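A.B. asks: pasted the sequence and its predicted model underneath.
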Amino acid sequence: KQWYQRRVRGLMSDSPIMFLGMEGVDPMFVGTVMTFISGVTCALVCVLGYRDITLSIMGSSTKSNYYEREQDFQRRLNFYRCTDSVEVGFSDDYYGDKIKDLTDYRYWIRVQQIKHENSLKAKEVQKSDS
């Protein structure tokens, strides 16, 4: 019985460690949750609004240069895109979405040129058959 009383007295003491340990659970939980929520919110804002935020900070000259380059890139994609191909499939990158750098762009152009040549050959075969 004495052992039990010593044990209970040790747990129920007014020591600062026990007091701060018991008291710090709620603020610690609230702080963790608030940190997580603010981190996720900040990440979403940065990822979803990156283009708009950076262009608004950098000014109108950067915006016009960026939009000119974007339009030029889209014009080039439209120029090289093979629209009369018969071999269109799900794996095709018709809109150039997978282009990340210059190597991907050159590969995309080669694939489109091959498709264009194949479609011209198919048209010639159809003309000679009829």
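C.D. replies: Thanks, I have it. Numbering: from 1, shown residues only.
A.B. asks: so for the residue nearest the centre of the chain, what's the pLDDT?
C.D. replies: The centroid of the chain falls nearest to Val47 when counting by CA atoms, centre = their mean (6.9 Å). At Val47, the pLDDT value in this model is 78.
A.B. asks: assign it to helix, strand or coil.
C.D. replies: Under DSSP: H, G, I helix; E, B strand; the rest coil, Val47 falls in the helix class.
A.B. asks: Asp84 now?
C.D. replies: coil.
A.B. asks: pull the number of nearby residues for it.
C.D. replies: Counted with other CB atoms under 10 Å, residues neighbouring Asp84 total 11. For the C-beta atoms, the positions are set from N, CA and C on the backbone; glycine is no exception.
A.B. asks: can you check Asp93 too?
C.D. replies: When neighbours are defined as other CB under 10 Å, Asp93 has 13 of them.
A.B. asks: try Val45
C.D. replies: Other residues within reach of Val45, judged by other CB under 10 Å, total 11.
A.B. asks: would you check how far apart the residue nearest to it when sequence neighbours are not counted and Val47 are?
C.D. replies: Leaving aside its sequence neighbours, Val45 sits nearest to Ile53 (CB to CB, 6 or more residues apart in numbering; 7.9 Å). Per CB to CB, to the nearest Å, Ile53 is found 11 Å from Val47.
A.B. asks: related to what we said a few turns ago, ok, now how distant is the residue nearest to the centre of the chain from Thr54?
C.D. replies: Separation of Val47 from Thr54 (CB to CB): 12 Å.
A.B. asks: quick revisit: where does the residue nearest to Val45 land on pLDDT?
C.D. replies: 72.
A.B. asks: likewise Ile57?
C.D. replies: 74.
A.B. asks: give the helix, strand or coil label for it.
C.D. replies: helix.
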